[in-house]
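Peer 1: Build me a model:
(chains A and B)
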There are 2 protein chains.
Amino acid sequence: MTGQAATLDLVFHALADPHRRGMVERLSLGRASVKELARPIGIALSSVLKHLKVLEAGGIVVSEKIGRVRTYEIQPEALNAIEEWTAARKRNWNVAFDRLAQAMADHPENQERRAP
Amino acid sequence: MTGQAATLDLVFHALADPHRRGMVERLSLGRASVKELARPIGIALSSVLKHLKVLEAGGIVVSEKIGRVRTYEIQPEALNAIEEWTAARKRNWNVAFDRLAQAMADHPENQERRAP
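Peer 2: Next up, the predicted model:
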């Protein structure tokens, strides 16, 4: 598996959970502590920490400990890998679709229909 | 969990595997049979079928049986949910970033520095 494929695995996996997406949604508004992240979700701090580990593994968040408080911050460029992958699929699909449309237009039956 | 969250779970989960992404990459070029999807990956047909089930659950592919051959087709709009979610996170992050930049510019220390 290439490094890029492994990264995509981790990023897609990290975002396949509603609690983790909720944390990313919160962090996209600004940095937050574990407690601040746990409060709106209403799950145990230990579960929040597990989810944050998965997000860190995917490179989606980074953390920093200042004094006794660890805060988390989003790394928006981690979402670029997903955006690039989905955009490439759509480009290919559009090319394939245009080719099909052209083949249909070039079909003898359609040519005859357009003849005067 | 709302319907949209459940959909995002399934779509992100479906794409968190390199074999499944490989199948989506192949299908973005045009429809293919199970055999055609299995060939470049070199895994058992039964494994390919399992992966295709996950992709179908995420609404990323649909299948049709013509005679004895089942062919699969990509549903590119399934990727829209992902694109919209990542774009919304980036928008929020940019707003938060601009607000921070503005707060820094408005800080008395920076105001003084700009004074003639």
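Peer 1: Next to chain B, which bits of chain A? Give me the list.
Peer 2: By Cβ under 8 Å from any Cβ of the partner chain, the residues of chain A that approach chain B are A:1, A:5, A:8-9, A:12-13, A:15-18, A:21, A:24-25, A:28-30, A:74, A:76, A:79, A:82-83, A:85-87, A:89-90, A:92-93, A:96, A:100. Any C-beta I mention is one placed from the backbone N, CA and C, and that applies to glycine too.
Peer 1: gap between residue A:32 and residue A:40?
Peer 2: 10 Å (Cβ to Cβ, to the nearest Å).
Peer 1: shared neighbours, those two?
Peer 2: Common contacts of residue A:32 and residue A:40 (Cβ atoms under 8 Å, 6 or more residues apart in numbering or on different chains): residue A:26.
Peer 1: okay, those two: which has more neighbours?
Peer 2: A count of neighbours by other Cβ atoms under 10 Å in any protein chain shown puts residue A:32 above the other of residue A:32 and residue A:40, at 18 against 11.
Peer 1: Report the beta-bridge partner residues of that one.
Peer 2: Beta-bridge partners for residue A:32, by DSSP bridges, are residue A:72.
Peer 1: Now do it, the pLDDT please.
Peer 2: According to the predicted model, the pLDDT of residue A:32 comes to 94.
Peer 1: And for residue A:53?
Peer 2: Value for residue A:53, per-residue pLDDT: 97.
Peer 1: go on, residue A:79?
Peer 2: pLDDT, read off for residue A:79, is 90.
Peer 1: Just say helix, strand or coil for it.
Peer 2: The assignment at residue A:79 comes out as helix when based on DSSP: H, G, I helix; E, B strand; the rest coil.
Peer 1: if I look at the residue nearest to it when sequence neighbours are not counted, how far off is residue B:92?
Peer 2: Sequence neighbours aside, residue B:86 is the residue nearest to residue A:79 in space, at 4.5 Å (criterion: Cβ to Cβ, 6 or more residues apart in numbering or on different chains). Going from residue B:86 to residue B:92 by Cβ to Cβ gives 11 Å.
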